[in-house]
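Q: One predicted model, sequence on top.
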Amino acid sequence: MPCGVCTRGARYAFAGPAGERVLRCTRHAIVYPGVRDRALQVAAVVGLVLFAINQLDVVMQGGLTAVVAGKIVLTFAVPFSVSTYSALQVSRLG
Ligand SMILES: [Zn+2]
């Protein structure tokens, strides 16, 4: 079965807005609105909490360096990745 957007094989299935079955390859599953938007919400909430726990004091003391900025990016990237991975695992075909 092909992806609903490109010619690659579908690896994931989602429920569409009208309840229809939406098929996507890996590349298009990652950016599928339901997966992407939920991952962004999770990253915003969880990332903000982790940022406050781990880096807020450093930033407030003026210690924002390139290394700290990189850690802040990872602080938001990790929950985004975990949410996306989890959503894709439960939507896998076969
Ligand atoms: Zn595709």
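A: Arrived safely, thanks for sending.
Q: Which residues of this protein lie near the ion?
A: 3, 5-6, 8, 25, 28 (CB under 5 Å from the ion). Placement of C-beta: from N, CA and C, glycine included.
Q: Put the buried members of these into a PyMOL selection.
A: Written as a PyMOL command, the selection of buried residues from those, which uses 16 or more other CB atoms under 10 Å, is:
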select buried, resi 3+5+25+28
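Q: Relative to residue 44, which of the residues of the chain next to the ion is nearest.
A: Within the residues of the chain next to the ion, proximity to residue 44 (CB to CB) peaks at residue 28, which comes in at 22.9 Å.
Q: so how far is the helix ranked longest in the chain off the chain centroid?
A: As assigned by DSSP state H, the longest helix anywhere in the chain is helix 66-90. The chain centre lies 7 Å from the centre of helix 66-90; the measure is CA atoms, centre = their mean, to the nearest Å.
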